[in-house]
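S.K.: What would the 3D arrangement of this be:
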Amino acid sequence: MHRWAGQFRSYLFGFCLACAVMPLAAANAATDQERAAARSMAEQGAAAFGEKRFADAVDLFTRAEALVQSPVHLLYIARANTELGRLVKAQEAYIKIVRTQLEPGSPNAFKKAVSEAEAELERLKPRIPQVTVHVTGAEGAPPEVFVDGEAVPPVMVGVAMPIDPGTRKFEARAEGMVPAERELVVEEGQQSEVELELVAAPTQVAPSISEATSSDVAIAPPRQDDSNAMLIGAWSGVAVGVVGVGLGTWFFVDKLGIESDADDLAAQCSRSCQEPQRSEIEQKDQDAADAGTKALIAYAVGGIGFAAGVTLFVLSGSESDVAQGPTVAPWVGLGSVGFRGRF
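M.R.: Now for the predicted structure:
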């Protein structure tokens, strides 16, 4: 429960406020609409304060103050911020009220707001914590200090600065240094000091070529695993080549056989070939052409396989080992294919 007034008093104070701002409205607000809006927001803010919706109260009275300047608005802002634990902002609002120069004939509500602000400010001051941040280890560029992620002006580093109570995170940063962080639970009225030590960030320097030994810069021989992989790929390419050549030969032989059958049929009927016979001859010619195309494709695939295999043999650098060890070579015959080798 807040320490100043109950809900009924808050609503009553809001009503008085709406009446009190009217004499100064002409000086502080440009239009009737703005004056009416200020009164409405002030009444809503007083209601929010009475219902302990302090964040809403701060927002509404801040909006009203932007339209019509009144120490009563500021008093509500200060009290609501105090309830929210924002003691530094509350203090600044109280100070602004105390420094207000009231014109002769100002409403009693304004005079009362200034009087109450003076008393409440004196009670608030001892409650505001102060923290002194010390940064050590920084060399060269001046460090940057942050409290809860917000930058602290450099002139405030090393001296006591007011801060709101609660768990606060302090951080120092500097170029080429490892950031220093520390959390501190700040109590009301507490005087604290925070030490943030910066240390140089580790650097890694790659060795220059002149510092390397001859063995470091020598070209490393191919690894055995890489050579074996290339040999496997080489033999696979040879196998593809063998299969391709074998299939190409098979299709080529098939092509020759189909063409021979077509020629025999054509010779049997000569110029007296009937439609069925001509269709059969044309079909065989087409089959022979298809077989020829397949033969060419198979030969092409086989040639690519052989070329890849030879290339991998050369890259593996193992020609001499292959010559001395077991050898396998493909052979292709008419209508047949196979391997021959030495073990």
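S.K.: all strands for the stretch 101-250 of the chain, in order.
M.R.: For the stretch 101-250 of the chain, the strands defined by DSSP state E, counting those that start in this stretch cover 130-136, 144-147, 150-152, 160-162, 166-173, 177-178, 180-186, 191-197, 199-200.
S.K.: ranking those by burial, who's on top?
M.R.: Most buried of these, by mean neighbour count (mean count of other C-beta atoms under 10 Å): strand 144-147, with a mean of 19. Where you see a C-beta, it was placed from the backbone N, CA and C, and this is true even at glycine.
S.K.: Run me through the strand neighbours of that strand, direction for each.
M.R.: Sheet pairing here is set by DSSP bridges, and for strand 144-147 it gives strand 150-152 (antiparallel), strand 166-173 (antiparallel).
S.K.: and the ones you listed as CSV, adding distance to R127?
M.R.: Shown next, in CSV, are the strands paired with strand 144-147 (distance: least, C-beta to C-beta, whole Å):
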stretch, distance to R127
strand 150-152, 21
strand 166-173, 13
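S.K.: Which one of the ones you listed lies nearest to G137?
M.R.: The minimum distance between G137 and these falls on strand 166-173, with 8.9 Å, by C-beta to C-beta.
S.K.: now the closest one and strand 130-136, what's the angle there?
M.R.: Relative orientation of strand 166-173 versus strand 130-136 (axes from the mean of the first three to the mean of the last three C-alpha atoms, to 10 degrees): 20 degrees.
S.K.: which residues touch V310?
M.R.: Contact partners of V310, counting by C-beta atoms under 8 Å, 6 or more residues apart in numbering, are A234, G237.
S.K.: Break this protein down into its domains, please.
M.R.: Using automatic domain parsing, the domain parsing of the chain gives 7-125, 130-200, 226-342.
S.K.: And the average pLDDT for the first one is what?
M.R.: Per-region confidence: domain 7-125 scores 84 on mean pLDDT.
S.K.: about what we covered before: could you identify which of the domains of the chain is most buried?
M.R.: domain 7-125 (a mean of 18).
S.K.: longest helix anywhere in this protein?
M.R.: helix 224-269 (DSSP state H).
S.K.: helices or strands next to that helix in the packing?
M.R.: Judged by 3 or more C-beta pairs under 8 Å, 6 or more residues apart in numbering; DSSP states H and E, the packing partners of helix 224-269 are helix 275-316, strand 327-333, strand 336-342.
S.K.: which non-adjacent residue is nearest R86?
M.R.: Nearest non-adjacent residue to R86, counting by C-beta to C-beta, 6 or more residues apart in numbering: D164, 5.7 Å away.
S.K.: The one you found against A90, yeah?
M.R.: No: the criterion here is C-beta atoms under 8 Å, and D164 misses it with A90 at 9.4 Å.
S.K.: Am I right that A78 is in contact with L87?
M.R.: No: if you go by C-beta under 8 Å, A78 and L87 don't touch, sitting 9.9 Å apart.
S.K.: The closest residue to T136 other than its chain neighbours: what's it in contact with?
M.R.: Nearest non-adjacent residue to T136, counting by C-beta to C-beta, 6+ apart: E197, 5.0 Å away. E197 is in contact with V135, T136, G137, A180, counting by C-beta under 8 Å, 6+ apart.
S.K.: phi, psi of Q190?
M.R.: Per-residue torsions, Q190: phi -80, psi 140 (degrees, to the nearest 10).
S.K.: Next one: it from V58, what distance?
M.R.: Per C-beta to C-beta, to the nearest Å, Q190 is found 25 Å from V58.
S.K.: Kindly report the same for G248.
M.R.: Between G248 and V58 the computed distance is 89 Å (C-beta to C-beta).
S.K.: Also K111?
M.R.: Distance, K111 to V58, by C-beta to C-beta: 23 Å.
S.K.: So A38: helix, strand or coil?
M.R.: What DSSP: H, G, I helix; E, B strand; the rest coil gives for A38 is helix.
S.K.: That one contacts Q69, correct?
M.R.: No: in this structure, A38 is not within contact of Q69 by C-beta under 8 Å, at 9.6 Å.
S.K.: In contact with the residue most central in space within the chain, which residues?
M.R.: Nearest residue to the geometric centre of the chain (C-alpha atoms, centre = their mean): G149, 19.4 Å. Each residue near G149 by C-beta under 8 Å, 6+ apart is listed here: K169, E171.
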